[in-house]
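Colleague: Here's my sequence, what's the structure:
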Amino acid sequence: MNDENRKPLIVVIVCAMTAVLVLVFGVSCGGGNNNAAASWQSGFSLAAKGATLTASDLVGAGGQCSAAGTQLLVVGSCIFEVKKFGGLFDLGSPTKRARLAPQQAVTVTLLVEGTRTEQDVSSGDTVSLTFGTSGGQLGIACRVVGTCALKLLAAEG
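Modeller: Numbering: from 1, shown residues only. Coordinates of the predicted model:
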């Protein structure tokens, strides 16, 4: 057998041995029941939940609306811009989440990743908000005359 015919065979053998070693190492360290993986699995599940959307992530479009702490105040209607986030090379949290709890009846409009959704929400109900790293828009229109107050709550689960 010459050298040209032997090289592909050696590469295949090395790859097969590496695959067997990875399999044996994974089974022996994992205990066969994911016991060894619990710590890194919980780390990934926390990352998947995303960061919390706060009032500081919202930019109001003028004097008709304000966001401070966990309180949003809207006179008539308003569109909040959700700032882009994620940091350098988008290595931060992939999403920001919150629940919006209106004190009066409102219409909530979301523009996320080019998709627009609208929902009428009564007092006592909540709306789940999730924004990706590119941000988006949160529109609120009061269905009552005057000022609407809304609470920005931490997302569940």
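
Colleague: hey, which helix is longest across this protein?
Modeller: Of all the segments assigned as helix in the chain under DSSP state H, the longest by residue count is helix 3-30.

Colleague: quick check: mean pLDDT across that one?
Modeller: When pLDDT is averaged along helix 3-30, the result is 78.

Colleague: Quick one: list the elements packing against that helix.
Modeller: Here helix 3-30 is seen to pack against no other helix or strand when contacts are counted using 3 or more CB pairs under 8 Å, 6 or more residues apart in numbering; DSSP states H and E. In short, each C-beta sits where N, CA and C put it, glycine included.

Colleague: That one: how far from the chain's middle?
Modeller: With CA atoms, centre = their mean, to the nearest Å as the basis, helix 3-30 stands 39 Å off its chain's centre.

Colleague: Please apply the same query to stretch 137-152.
Modeller: Using CA atoms, centre = their mean, the distance between the centre of stretch 137-152 and that of its chain works out at 23 Å.

Colleague: Also stretch 101-108?
Modeller: Chain-centre distance of stretch 101-108: 23 Å, with CA atoms, centre = their mean.

Colleague: same check, this time on stretch 130-139
Modeller: Going by CA atoms, centre = their mean, where stretch 130-139 is centred and where its chain is centred differ by 10 Å.

Colleague: Need the residues that contact it.
Modeller: If you take CB atoms under 8 Å, 6 or more residues apart in numbering as the criterion, stretch 130-139 is touched by 50, 53, 58, 77-86, 90, 92, 94-97, 100, 107-113, 129, 155.

Colleague: quick one: the helices in this protein?
Modeller: Listed in chain order, the helices of the chain (DSSP H) span residues 3-30, 38-49.
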